[in-house]
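[1] Turn this into a structure:
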Amino acid sequence: MDRPRSDSADLYQISLLIDQLRHDDPQIRVNATKSLNNIAEALGPERTRNELIPFINESIDDEDDVLLAIAENIGNLKRYVGGAEFLYTLLEPIELLAVVEDGSVRDVAVMAVVSIIEEMPNDHLLNYFVPFVLKLASKDWFTSRISATALFHIAYSRLPSDTQQEFRAMFSRLCADDTPMVRRMAAKHFGSLAAEMTRTEIQDELLGPFKKLAADEQDSVRIQTVGICIALAGALPTELQISEVLPVVLNIASDKSWRVRWSLAAKISEVGNVMGEQVTNGSLCECFENLLRDQEAEVRSAAAGNITKMCSIIRKDITISRIFPVVNLIVTDSSDHTRASCASVINYLAPLLGRDDTVENLLPMLLQLLRDDSSDVRLNIIASLDAINAVIGVELLSQSLLPAIVDLAEDSKWRVRFAIIEHIPRIAGQLGCTFFNEKLINLCMTWLGDDVYSIRRAAANNLCELSSQFGEEWAKEQIIPRIERMHTHTNYLQRMTALYGIQVLISSLSQPTVEEVIVPLIIQMASDAVPNVRLTVPRTLNDIVRSNGKKFRGNFLATCIQPALETLLVDSDRDVRFYTRQASEGVAAVIGGAQ
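    Sure, this is the predicted structure:
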């Protein structure tokens, strides 16, 4: 039985940690700060409140890494201060953290406030939290006011009406703050506060600040107003949406700053979802067209990524007559990134259009993208073929699909080759066994000889998926003969890959096939001239024995596998002998268990 640790030992450890909190080395102080919980637990609630928290207050003037560690751990002390009635004691060190220059420290400190306020009694909110927020919002240093903008909404619903009014008034002042960074953060959290307010309060008190933020001279502020538009449109009646929110949305679409236009292009489908059918099919549709034609590629790319989402809320006839002509331009856009963004979503238009309109309007664009010079564009089309297959099948695409796959398979970037390999089993299932055997099987086998190891491994894994998909007979007819030819290839890497292909194929093959075809093929390679190939043989046999050992008939292990391993036990290469001993022990264990 362990000897209980003495009180003096506890005190020594706590004293050591406290000394480390004062250490000259910042990293030691960071590590000690991460143990604040242990210190607080050992000190007890009263000493934590009276000694540890004041000590933390004195330590705030420190390196950013130390301050971040304090901010990350200060919220956890709520379990050690003596219950909910003493949570307010943690607000003082958090207030000091909320004014530092490092934004990451302030953000974590705000998160700590959120976790503390959730458990704070309502009367303490008025006595401690409200003064805490108002003090932060009134300080001269702008970082304090930035932190305050994120706090008005977190306990708003638990406050009395007069305090809510005071919060709204203070937040409105921050929206007009002299410092752009404060206004930007107020705009960022504007929607969160609006979600807590009544419709009347929004109409009377927030529309004014909203319009001022939307017209702010700083684009870093205006870029946040799209989120405000979404929040207000969801809270206001239709007439106010049209009169107050829609004009701001349209102004954003033509803003002089491309970053502001980009913010709308990235979220325009969210705007459409809350603005209603009439606005979406009218003004917002025209706005979307303009964003797709924007002079900046980044804006067009963001808009292109929303094509399917927007078309899902726009009437089908408007989609075909107004959106598709612009999408046709995107398909041949000068920016690779814009075309890739379009290609990642365009296939999902097929379920919205139906078979006839897909064939007539969408298919020509897909064929164009499949012939695109950019590998990313072609890959994005191929990655989402499921949506097309569900509506029209891929037969109509097959003639263009094959050249695209071949080009990707031979791409100079190995990550592109790797990506297309991952899609092959799904493509094979869509095109069917006959087409795959005629057009793609040789390509799959070619990957087994790729110069990049990851490609060879992925290609071998593909064989298992394809065998499971098309069945064992297909594997015996199409895959195993090709692996048999590989085991005599002049390149030893291909011979090793053949062995790996065998390993992954085994799970999809029957036991007779493993015994009659696979094991003899592996044993033939035991006499290979290259040690790396020979050492792969016992490892492969070991895997087979571990997964199939009890299924082998009669004395198959003793008469076929064990003699081959005995030969390798005296191999000239020590690594071969090592792996052979492992395999021999595995075989002996299976034979002994069977007896």
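
[2] Got phi/psi on residue 215?
    With angles defined as degrees, to the nearest 10, residue 215 sits at phi -100, psi 10.

[3] Please, which helix or strand holds the closest residue to residue 372 other than its chain neighbours?
    Closest residue to residue 372 apart from its sequence neighbours, by Cβ to Cβ, 6 or more residues apart in numbering: residue 378 at 5.6 Å. To be clear about C-beta, it is placed using only N, CA and C from the backbone, and glycine gets the same treatment. Assigned by DSSP states H and E, residue 378 falls within helix 375-383.

[4] Now do the buried residues in the host helix or strand of residue 262.
    For residue 262, the enclosing helix or strand under DSSP H and E is helix 258-275. Judged by neighbour count using 16 or more other Cβ atoms under 10 Å, the buried positions of helix 258-275 are 258, 260-275.

[5] Which SSE is immediately downstream of it?
    helix 277-279.

[6] contact partners of that next one?
    241, 242, 246, 272, 313 (Cβ atoms under 8 Å, 6 or more residues apart in numbering).

[7] can you give me the helices for the stretch 251-400 of the chain?
    Assigned by DSSP state H, counting those that start in this stretch, the stretch 251-400 of the chain shows helices spanning 258-275, 277-279, 285-292, 297-304, 307-311, 316-318, 324-331, 336-343, 350-353, 355-357, 363-370, 375-383, 385-391, 398-409.

[8] which intervals of this protein have sub-threshold pLDDT?
    1-14, 18, 61-62, 394, 548-551, 553-554, 592-595 (pLDDT under 70).

[9] How about the contacts made by the spatially most central residue of it?
    The residue lying closest to the centre of the chain (Cα atoms, centre = their mean) is residue 344, at 15.9 Å. For residue 344, the contacting residues are 305, 380, 383, 384, by Cβ under 8 Å, 6+ apart.

[10] Show me the contact partners of stretch 556-570.
    515, 519-520, 523, 526, 534, 537-538, 541, 545, 549, 576-577, 580-581, 583-584, 587, 590-591.

[11] tell me which residues of it are tucked away?
    Those would be 556, 557, 561, 562, 564, 565, 568, for stretch 556-570 by 16+ other Cβ under 10 Å.

[12] Over to stretch 310-329?
    Those would be 310, 311, 313, 314, 319, 320, 322, 323, 324, 326, 327, for stretch 310-329 by 16+ other Cβ under 10 Å.

[13] What of stretch 290-308?
    Applying 16+ other Cβ under 10 Å to stretch 290-308 flags 290-292, 294, 296-308 as buried.

[14] so how far is that stretch off the chain centroid?
    A distance of 23 Å separates the centroid of the chain from that of stretch 290-308, by Cα atoms, centre = their mean, to the nearest Å.

[15] thinking again about what came up before, and the residue nearest to residue 372, how many neighbours?
    27 (other Cβ atoms under 10 Å).

[16] Ok, residue 487 next?
    By other Cβ under 10 Å, neighbour count at residue 487 equals 19.

[17] residue contacts, it?
    495, 498, 499, 521, 524, 525.

[18] Over to residue 170?
    So residue 170 contacts 133, 134, 137, 138, 148, 152 (Cβ under 8 Å, 6+ apart).

[19] My guess is the second one contacts residue 166. True?
    Yes - here residue 134 lies in contact with residue 166, judged by Cβ atoms under 8 Å, at a distance of 7.4 Å.

[20] Now distance to residue 46 too, for the buried residues of stretch 556-570, in a markdown table please.
    Putting those into a markdown table (distance: Cβ to Cβ, whole Å) gives the following:
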| residue | distance to residue 46 |
| --- | --- |
| 556 | 75 |
| 557 | 71 |
| 561 | 72 |
| 562 | 73 |
| 564 | 75 |
| 565 | 71 |
| 568 | 72 |
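
[21] So the nearest residue to residue 520 once chain neighbours are set aside versus residue 507, what's the distance?
    Nearest in space to residue 520, with sequence neighbours left out and distances taken as Cβ to Cβ, 6+ apart, is residue 560 at 7.8 Å. Distance of residue 560 to residue 507, computed by Cβ to Cβ, to the nearest Å: 20 Å.
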